[in-house]
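Colleague: can you look at this prediction? I've put the sequence above it.
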Amino acid sequence: NAQIECKAKENEKRSDELDVMEEELKAMHLEITRKADVEKDIANRKKDLCQAEEKYHSDIARIDEVLCQEKELEEQHNTAAKHVTEAAGQLTSLSEHCKWAERQAQACKGPGIKVRI
C-alpha cells in the first residue's frame, strides 16, 4: 500500500513536471511562431524596399532623360533665336537698301515724279 502511494506521488510529481514541460513547449512554439511571423514581415519589407529602389532608379533615369530632352530643346530654341536675329538683321539691312534705292531712283527721275520700290 505504501509502495502504491509512493508510486502515485512519483506519478503525480512526473505529471506536474510534464505539465510544466508542456507549458514550456507551448511558450517555445509561440515564440517560434512569432519569430517566423517577424521573419516573414522582414522578407516582405525587403521585397517592398527592393521594389521602391527599382522605382527610384527608374524615376532617376526618366528624370535624366527629360533633362536631356530639355537641354536639346533649349539648344534648338537658342539656334532658332539666332536665326530670327540674323533674319531681322537682314530684313533691316534690306529695308535700308530699299530706302536708299528709292532715294536713288527718285533722284534719277527728278522732282515731281514719285518712285516706290
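Modeller: That came through fine. Since this is a predicted model, take the numbers as computed values, not measurements. Numbers count the residues shown, from 1 in each chain.

Colleague: residue ranges with poor pLDDT in the protein?
Modeller: Where the chain drops to pLDDT under 70, the residues are 110-117.

Colleague: tell me where it has helices.
Modeller: 2-109 (DSSP state H).

Colleague: pick out the residue nearest the middle of it.
Modeller: The C-alpha lying nearest the average C-alpha coordinate of the chain belongs to residue 59 (Cα atoms, centre = their mean; 2.6 Å).

Colleague: what about that residue, distance to residue 81?
Modeller: As judged by Cβ to Cβ, to the nearest Å, residue 59 and residue 81 stand 32 Å apart. For glycine as for every other residue, the C-beta is placed from the backbone atoms N, C-alpha and C.

Colleague: restrict stretch 41-58 to CA atoms and write it as CSV.
Modeller: Below are the C-alpha coordinates for stretch 41-58, written out as CSV (Å, rounded to 0.1, in the frame of the first residue of the first chain):
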residue,chain,number,x,y,z
ASP,A,41,7.4,40.5,-42.3
ILE,A,42,11.0,41.4,-42.7
ALA,A,43,11.1,39.5,-46.0
ASN,A,44,8.1,41.4,-47.2
ARG,A,45,9.6,44.7,-46.2
LYS,A,46,12.8,43.8,-48.0
LYS,A,47,10.8,43.0,-51.1
ASP,A,48,8.9,46.3,-50.8
LEU,A,49,12.2,48.1,-50.3
CYS,A,50,13.7,46.4,-53.4
GLN,A,51,10.7,47.4,-55.5
ALA,A,52,10.9,51.0,-54.2
GLU,A,53,14.6,51.1,-55.0
GLU,A,54,13.9,49.9,-58.6
LYS,A,55,11.3,52.5,-59.0
TYR,A,56,13.7,55.2,-57.6
HIS,A,57,16.3,54.2,-60.2
SER,A,58,13.7,54.1,-62.9
